[in-house]
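Q: Below is the sequence, then the predicted model.
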Amino acid sequence: MIRMNKLPASTFNHLHMNESVVDHDAGEPVIYEISEDKRLDIDEGGDKKVNIAVPAGQSINVVMSYGAGSTQNVETYATLGKGSTLKLIQTRISAGEGKLLGRLCARLDESSRLEVIQIYLPGGEIYSDLTADLIGDESSVDISCAYFAGEDAHIDMNYVVNHTGKRGVSNISVNGALNENAFKLFKGTIDFRTGSSGSKGDEREKVILLDENVINQSLPVILCTEEDVEGAHGAAIGSIDEDVLFYMQSRGISPEDARKLVIYGMFDSLLAKADDTIISEKVQQCLQQVRL
């Protein structure tokens, strides 16, 4: 058993949100060491450990693509040196079943920047556990996720940003859609710790509900033991605007294609940030095959 996605500050136990317990017996992991641009395709199941080290003053891009059909337990550790930048893209784009246990722990030094882009669709079980420690002054993290969950999919996400250094900046943005009995739990925590004066944090979530049988759970949290900080959070949850659907149908677009266009729009800005042709093509092909 693996325990993950633990809330930094527990809520009521009967809500079953404090942590997730996943049925997997971890073995000896395959280890990857990365310190330059890298595209890593992880198609096979089993246990993996990815160590990413970004030297001071350097910038690297890493793309991690997960397969489907088996259980993948992947732990990623990222260390960002002073003034460095890491763009990390993690995707699981597959109609297959299987289970993904993805954990990311990042430590940011002074003036470093971490950009995380996660894309998940459309099935299987996905557990995503992310912790970013903004240790150095003026470090920043931008976390963006887009997902489409259908076919009894299960998505469990827990993002935690710990502000320790001064004048840090964090942004969390999660957008997705649920269909066909899917389940989604998102927990986002921004923790302004003592000494993080001048820091700012913002988390936003948008969820489109396409089926009355889906389950959506959202838990945004802001913790604070420092006075001179700015934190905000917000969530928008609901079905597709009927006026938008009516407009597109009046232009000759079928109801199903209209819904697909709205869903694809949730991925569009993220795909532009990713700026990766392979990923964009995979998302387009996958969304064309889903039932709405």
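A: Looks like it arrived, so ask away.

Q: Flag the shaky bits of this protein, pLDDT-wise.
A: 95-96 (pLDDT under 70).

Q: Can you show me the helices along it?
A: Secondary structure of the chain, counting by DSSP state H: helices at 242-250, 255-274, 277-289.

Q: How about the contacts made by S84?
A: Counting by CB atoms under 8 Å, 6 or more residues apart in numbering, S84 touches 54-59, 109, 112-113. Heads up, the C-betas are built off the backbone N, CA and C, glycines and all.

Q: Recalculate using a threshold of 10 Å.
A: S84 makes contact with 53-60, 108-114, 139, according to CB atoms under 10 Å, 6 or more residues apart in numbering.

Q: How about V22?
A: Contacts of V22 by CB under 10 Å, 6+ apart are 1-5, 71, 73, 99, 101, 125, 127, 156.

Q: can you pull the contacts of the closest residue to it other than its chain neighbours?
A: Once flanking residues are discounted, V22 sits nearest to I2: 4.8 Å by CB to CB, 6 or more residues apart in numbering. Counting by CB under 10 Å, 6+ apart, I2 makes contact with 20-26, 73, 101, 103, 127, 129.

Q: quick one: which of those is nearest to K260?
A: Nearest to K260 among these, counting by CB to CB, is Y127 at 26.9 Å.

Q: how far away is the closest one from N73?
A: 9 Å (CB to CB, to the nearest Å).

Q: Overlap of the contact sets of these two?
A: 2, 4, 22, 24, 99-103.

Q: Looking at these, spot the one nearest L219.
A: Nearest to L219 among these, with distances taken as CB to CB, is M4, at 15.5 Å.

Q: Settle this for me: the closest one is touching D129, isn't it.
A: Yes - under the criterion of CB atoms under 10 Å, M4 makes contact with D129 at 4.6 Å.

Q: Which of the two has more residues huddled nearby?
A: Neighbour count, other CB atoms under 10 Å: between M4 and D129, D129 has more, with 23 against 19.

Q: What's opposite the more buried one in the beta bridge?
A: Beta-bridge pairing for D129 (DSSP bridges): R103, N158.

Q: Grab the nearest non-local neighbour of K49.
A: Nearest non-adjacent residue to K49 (CB to CB, 6+ apart): P29, at 4.2 Å.

Q: For G165, which residues are in contact?
A: G165 touches 108-112, 133-139, 193, 195-199, counting by CB under 10 Å, 6+ apart.
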